[in-house]
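Asks: Give me a 3D structure for the following:
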Amino acid sequence: MTSAAVNPDADTTDAAPRYRRVLLKISGEAFTKPGEFGVDGEELEVIAREIAKGAQVGAQLAVVVGGGNIIRGATLAKEGRIDQATADSMGMLGTVINGLALKEMLEKLGQPARVLSALNVSAVAETFIRGRAVRHLEKGRVVIFVAGTGNPFCTTDSAASLRAAEIGAAVLLKATKVDGIYDKDPMKHDDAVKFDELTFDEAIKRRLAIMDVAAFDMCHKRNIPIVVFNMKQPGHIAEVIAGHPHGTRVV
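Replies: Residues are numbered from 1 along each chain as shown. This is a model prediction of the structure:
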């Protein structure tokens, strides 16, 4: 299979990558319909097609997936029935399910992909090794990182910032349900104001909840810009990789 077979009706002729290597963070909710759980086939194909378009732009593309559509470890732990370390491990396994589904759909679309796991699940995924991940990227494969960091008490945001630093990503793209960063929740406040660009220091001063603190700090210290944008808008992943000014950029 070759990437030329991916989404032949996609218009990427004028696109060129602004970033050589990209880390895309998508939530588990991207794999299902709003308010539902599990993996929905139609939603899976939609997100896989958008990721494949992004790979066609020419950048090396890695993806960190969440697992909230399968299980939320933090919720289980909060209820007090399961220790948080165990609940977080269950959540990590949820990301493995999503990663395998995404890899299969990308391959069906003609885009080569590999799943690398922070947990040892060698029967279904490769174990994460930095050099191996970089080699897959250099060969034009989409690399899907699953199982978070492999440690409890760490979010998939933390995994995204860590992997971005490890592979030398030029940018971390955070795909969300809204079209950027606002001064307040735009789903609750009609007068919410969207930012086109922020510095890390401005975001900290305004106490904007872009990512969890550890993840945000990693990007800040490693000087990895963050772009927050709406993943549900067709073509946005490819266009952001090409440098179109969608969403909000934190620099």
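Asks: The lowest-mean-pLDDT helix or strand in the chain: what's the following helix or strand?
Replies: Lowest by mean pLDDT, DSSP states H and E among the helices and strands of the chain is helix 73-79, with a mean of 79. Sequence-wise, the next helix or strand downstream of helix 73-79 (DSSP states H and E) is helix 84-108.
Asks: which ones are touching residue 233?
Replies: Contacts for residue 233 (Cβ atoms under 8 Å, 6 or more residues apart in numbering) come out as 179, 246. (Glycine included, C-beta is placed from N, CA and C.)
Asks: what's the answer for residue 144, then?
Replies: 62-65, 99, 102-103, 113-116.
Asks: Relative to the whole chain's centre, how far out is the strand or helix carrying it?
Replies: Using DSSP H and E, the element containing residue 144 is strand 142-146. In this view, strand 142-146 has its centroid 9 Å away from the chain centroid, taken as Cα atoms, centre = their mean, to the nearest Å.
Asks: between that strand and helix 84-108, how big is the angle?
Replies: Using axes from the mean of the first three to the mean of the last three Cα atoms, to 10 degrees, the direction of strand 142-146 lies 160 degrees away from that of helix 84-108.
Asks: Give me the sheet partners of strand 142-146 and which way each runs.
Replies: strand 60-65 (parallel), strand 113-117 (parallel) (DSSP bridges).
Asks: Next secondary structure after that strand?
Replies: helix 156-167.
Asks: got the CA coordinates for that next one in PDB?
Replies: This file holds the C-alpha atoms of helix 156-167, laid out as PDB (Å, rounded to 0.1, in the frame of the first residue of the first chain):
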ATOM      1  CA  THR A 156      -2.500  11.500  27.900                       C
ATOM      2  CA  ASP A 157      -1.700  15.200  27.600                       C
ATOM      3  CA  SER A 158       1.500  14.500  29.500                       C
ATOM      4  CA  ALA A 159       2.100  11.600  27.100                       C
ATOM      5  CA  ALA A 160       1.600  13.900  24.100                       C
ATOM      6  CA  SER A 161       4.100  16.500  25.400                       C
ATOM      7  CA  LEU A 162       6.600  13.800  26.400                       C
ATOM      8  CA  ARG A 163       6.500  12.000  23.000                       C
ATOM      9  CA  ALA A 164       6.600  15.400  21.200                       C
ATOM     10  CA  ALA A 165       9.900  16.200  23.000                       C
ATOM     11  CA  GLU A 166      11.300  12.700  22.500                       C
ATOM     12  CA  ILE A 167      10.800  12.600  18.700                       C
END
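Asks: rewinding a little: can you tell me which of the contacts of residue 144 is nearest residue 56?
Replies: Relative to residue 56, the closest of the contacts of residue 144 is residue 113; by Cβ to Cβ it sits at 13.3 Å.
Asks: Quick check: bridge partners of the closest one?
Replies: Applying DSSP bridges, one finds that residue 113 bridges with residue 142.
Asks: Count residues in the vicinity of it, would you?
Replies: Other residues near residue 113 come to 23 when the count uses other Cβ atoms under 10 Å.
Asks: switch to numbering from 733
Replies: Got it, first residue is 733 now, which makes that one residue 845.
Asks: how about the strands paired with strand 874-878 in a markdown table, adding distance to residue 973 and mean pLDDT?
Replies: As requested, these are exported to a markdown table (distance: least, Cβ to Cβ, whole Å; pLDDT from 0 to 100):
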| stretch | distance to residue 973 | mean pLDDT |
| --- | --- | --- |
| strand 792-797 | 7 | 97 |
| strand 845-849 | 16 | 98 |
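Asks: Alright, I will stop here.
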